[in-house]
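Q: Fold the following.
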Amino acid sequence: MPRLSLAAFLVLVAALGGCDPSTSSLAVDVRAELAPAVEFDAIRTEVLTGESSGRFVEHRLDPVGDYARGVRVAELEGLARGPLTVRVTLLRGGAEVMQRPVRVELSASSHAVTVLFARECLGVECPIPGGDPVAAACVGGSCQDVGCTEETPELCTAECTSAADCGSGSACAVPECTASGTCFLRPDPSLCLPGETCDVVEGCIGPPACDPFDGADLALESGPSITCVTSSDRPLRCWGENLGILGDGIDPLEAATEVFPGIDFVHVAVGRDFLCGFRTDGALACAGLDWAGQLGDGDGPTETTATFVPVTMPLPVPVDAVEARVATVCALAADQAFCWGHNVYGQVGNGRAMEEEWVPAAVDGGLSFRRVVPGHGHTCGITTTNELYCWGGNANEALGQPAGMPELSASPLVAPAAGPWVDVSPGDEFTVAIDEAGAVWSWGSNVVGQLGRDMDVGGGTPVPDRVATPDLAFVDVEAGYRHACAISADGQLWCWGDDTWNQLGPDAPSAFQAEPIRVLADRVIVDVAVGTSHTCALDDTGRVWCWGDNSYSQLTGPSDAGRPEPRTVCPPGP
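A: Coordinates of the predicted model:
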């Protein structure tokens, strides 16, 4: 029996026929044993010879594409007939993972070529130095003629005549024998348990086993690319993008790490490149970059502050809550709302705009608030009488006001419909909120489905309307950059909006998801933190699950393109 081969590159060329006598087109498909979004995140196709030399097409991953079975990555038009060489390269973070030159004879008006990438040729360089320069294709772990195609089997070394000749790989790998006699292992995730992924060598890979996070009053807080677990009696534990204040200030935190040991925060708020927190005595302090006044100490722009500096609060009262987004911070003290930092759109709410606020300023209107949350350009708050107010940028009607309102309001405006309100979270030019009955509402931009109902690529929706969530009572809603998640009273987690980085989990059918979908259906969720392109959730056992983008180790582990399957985050070791 021929040996098992994870054959690297198989080129199948089919002349499809046509009627244009002067030029030809070439469609390029890719099949890969490597894991998309984990081992590669883009595919480049380049024309190396002929009149079209230098042309290239870069393909970003299709969130629903089955790369094990084949995905079209390029369509090249207007090519001169005759011999042509193209090079197809798998990339991750812009770096080459594998590449394959393909020689094609363009004799008809249209052709298709399928390039197979298999694991056995990872690291194999062809041609071998000093060897035959024509043997530039790695097939079955060895270098063969670059012209090895379906039409020229005499240039190929056949390994198999049927799938039985290929043996088997891991338990979830399905062996195939291609038409030109090359073995290929197709990963089949359906052979794994829910939450596991299939690796053709290692088999089904599940989330790492680890203990839950300990501590009282556990909660999650996320910045754009960092997440932290807070507790009233344990140190702050964070992972993901370094805020310039942790370790060397540059490298991402690849594992949950205790930061600022000795300080037990009751609550923290995480911005783009800073964080603020308060302890049981209500004292508020911030650390990190201070380019827009987000540290609130009145000292003006400074370099990174690696130690906490006290916020200059205008009233000597304990802080009850603090929230941050991008470079704007808001805090509550004795039901009074104070905001500071980035204020280009009037999101501080003190009647001014286009200038930063370096110390906390009282929000206009003399209102008593029980919750205030800044977004990416606007801020919203709920009063002690359950009224909803928003202020700041009004792009795409993010403030929930009737059409025709100004582009910004530097003072609070009351929401004109629905309520009474119990929760609110502003995103980027959209807002989500929960009313007293537990229904989720939204308004503003809906270009990627972030309002949780039919997408609208035109102007925003100014009037609050229902999110298409199931008929459940929801108790918590969180908006990220362009996606949002909500938790029901019985611990169900539902998410919707942008899924470009798989931040909606493994079951989203498209990159833009207007219909809410459930994530972690086998878990009871008690808190959720929504970043720019990742999501984390805390279940009732104290375990944390994260999914989506991992460019800054938001899911823990070395930085990569991320994954849709939730990964458990382990707490720091003893």
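
Q: can you give me phi and psi for the closest residue to G377 other than its chain neighbours?
A: Nearest residue to G377, sequence neighbours excluded (Cβ to Cβ, 6 or more residues apart in numbering): G393, at 3.7 Å. Yep, even glycine has a C-beta here, placed from its N, CA and C like the rest. Main-chain torsions, G393, degrees, to the nearest 10: phi -70, psi 140.

Q: Contacts only, for G393.
A: 344-347, 377-378, 407-408, 429 (Cβ atoms under 8 Å, 6 or more residues apart in numbering).

Q: D490 too?
A: Counted by Cβ under 8 Å, 6+ apart, D490 has contacts 472, 524.

Q: Now do the same for it: helix, strand or coil?
A: Three-state assignment for D490 (DSSP: H, G, I helix; E, B strand; the rest coil): coil.

Q: how far away is it from V432?
A: According to Cβ to Cβ, to the nearest Å, D490 stands 20 Å off from V432.

Q: circling back: sort out which of the contacts of G393 are in strands and list them.
A: 378, 408 (DSSP state E).

Q: related to what we said a few turns ago, so what pLDDT did the residue nearest to G377 get?
A: G393 carries a pLDDT value of 96.

Q: And for T89?
A: So, for T89, pLDDT stands at 94.

Q: How about it, nearest residue that isn't a chain neighbour?
A: Q99 (4.0 Å).

Q: and the one you found, how many residues sit next to it?
A: 18 (other Cβ atoms under 10 Å).

Q: partners of the host helix or strand of it, with directions?
A: Under the criterion of DSSP states H and E, Q99 resides in strand 95-106. Using DSSP bridges, strand 95-106 pairs in its sheet with strand 82-92 (antiparallel).

Q: I would like the residues contacting the strand it pairs with, please.
A: Contacts of strand 82-92 (Cβ under 8 Å, 6+ apart): 26, 28, 30, 32, 34, 39-50, 52, 73, 76, 96-106, 113, 115, 117, 146, 560-561.

Q: picking that back up, from V266, how far off is the residue nearest to G377?
A: 31 Å.

Q: Could you do E478 as well?
A: 19 Å.

Q: go on, V348?
A: From V348 to V266 the distance is 24 Å (Cβ to Cβ).

Q: These two: which is more packed in?
A: Using other Cβ under 10 Å, the more surrounded residue of V348 and V266 is V348, with 32 against 20.

Q: Against H378, how distant is the nearest residue to that one once chain neighbours are set aside?
A: Closest residue to V348 apart from its sequence neighbours, by Cβ to Cβ, 6+ apart: C339 at 4.3 Å. Computed as Cβ to Cβ, the C339 to H378 distance reads 11 Å.

Q: correct me, but V519 touches L504?
A: Yes - between V519 and L504 there is a contact at 7.0 Å, judged by Cβ atoms under 8 Å.

Q: which residues do these two both contact?
A: With Cβ under 8 Å, 6+ apart as the test, V519 and L504 both reach 495, 535.

Q: Give the buried subset of the contacts of strand 82-92 as a PyMOL selection command.
A: Those of those that count as buried under 16 or more other Cβ atoms under 10 Å are selected in PyMOL with:
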select buried, resi 26+28+30+32+34+39+40+41+42+43+44+45+46+47+48+50+52+73+76+97+98+99+100+101+102+103+104+105+106+113+115+117+146+560+561
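
Q: Among the contacts of strand 82-92, which are located in helices?
A: In helices, judged by DSSP state H, none of the contacts of strand 82-92 are found.

Q: okay, and the helix or strand of the chain with the least pLDDT?
A: The weakest-scoring helix or strand in the chain, judged by mean pLDDT, DSSP states H and E, is strand 11-15 (a mean of 40).

Q: quick one: low-confidence parts of the stretch 451-574 of the chain?
A: 574 (pLDDT under 70).

Q: Tell me which stretches of it form strands.
A: Ranges of strands within the stretch 451-574 of the chain are 456-466, 474-479, 483-488, 493-498, 512-519, 525-530, 534-539, 544-550, 560-569, based on DSSP state E, counting those that start in this stretch.

Q: just so I know, which of those strands lies nearest G181?
A: strand 560-569 (32.8 Å; Cβ to Cβ).

Q: In three-state terms, how would the closest residue to C570 other than its chain neighbours be classified?
A: What sits nearest to C570 in space, not counting adjacent residues and going by Cβ to Cβ, 6+ apart, is C210, at 3.4 Å. Under three-state DSSP, the three-state class of C210 is coil.

Q: if I look at C210, how far off is V519?
A: 20 Å.

Q: do the same with S25
A: As judged by Cβ to Cβ, S25 and V519 stand 41 Å apart.

Q: Between those two, point out the one with more neighbours.
A: Using other Cβ under 10 Å, the more surrounded residue of S25 and V519 is V519, with 25 against 18.
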